[in-house]
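*Asks:* Can you look at this prediction? I've put the sequence above it.
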Amino acid sequence: MKAFHTIILLIFSNIFMTFAWYGHLKLSEMKITTHWPLLGIILLSWGMAFFEYSLQIPANRIGFQGNGGPFTLLQLKVIQEVITLIIFAFFTMVFFQGETLKWNHLAAAICLVMAVYFVFMK
């Protein structure tokens, strides 16, 4: 169950992270934050990032072998990166429809799946 909880927390953490890092671009495109000062955008993103950290830190504590979890530190990082890129790809396709996924993006995704395979290999 610790592995499941870790991955669920990482997924939700990365959703908040993606919105914190890139959501302001969509808000600007929609003319919502066009005239906001940069400091306002930063504070908005920090507010969203608070929720990212509120989920990321427990995920790492629950999942880390040093705390009784199932994953090594390297495994946690690779899992987190794969989740990040999957969520980012989904976010891009939904919110930035002018962006297109190409064959090289698929090739990169395959490389990430291979990275997961190799990091878990005994």
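*Replies:* Right, received. Where do you want to start?
*Asks:* buried residues in the lowest-mean-pLDDT helix or strand in the chain?
*Replies:* Within the chain, no helix or strand scores below helix 103-120, which has a mean of 86 by mean pLDDT, DSSP states H and E. Buried positions in helix 103-120, judged by neighbour count with 16 or more other CB atoms under 10 Å: residue 119. For glycine as for every other residue, the C-beta is placed from the backbone atoms N, C-alpha and C.
*Asks:* tell me which strands and helices that helix is in contact with?
*Replies:* helix 73-95 (3 or more CB pairs under 8 Å, 6 or more residues apart in numbering; DSSP states H and E).
*Asks:* in the helix it packs on, what's buried?
*Replies:* Applying a neighbour-count criterion of 16+ other CB under 10 Å, one finds 75-76, 78-80, 82-84, 87, 89, 91-92, 95 buried in helix 73-95.
*Asks:* And the least confident helix or strand of the chain, how far out from the chain middle?
*Replies:* Between the centre of helix 103-120 and the centre of its chain there are 16 Å (CA atoms, centre = their mean, to the nearest Å).
*Asks:* what does stretch 59-67 give?
*Replies:* In this view, stretch 59-67 has its centroid 18 Å away from the chain centroid, taken as CA atoms, centre = their mean.
*Asks:* and stretch 69-87, how far from the chain's centre?
*Replies:* Its chain's C-alpha centre and that of stretch 69-87 lie 10 Å apart, by CA atoms, centre = their mean.
*Asks:* hmm, who's touching it?
*Replies:* 2-3, 6-7, 10-11, 14-15, 17-18, 56, 59-66, 108-109, 112-113, 115-116, 119-120 (CB atoms under 8 Å, 6 or more residues apart in numbering).
*Asks:* Repeat the analysis, applying 7 Å as the threshold.
*Replies:* Here stretch 69-87 makes contact (CB atoms under 7 Å, 6 or more residues apart in numbering) with 2-3, 6-7, 10-11, 14-15, 18, 60, 62-65, 112, 115-116, 119-120.
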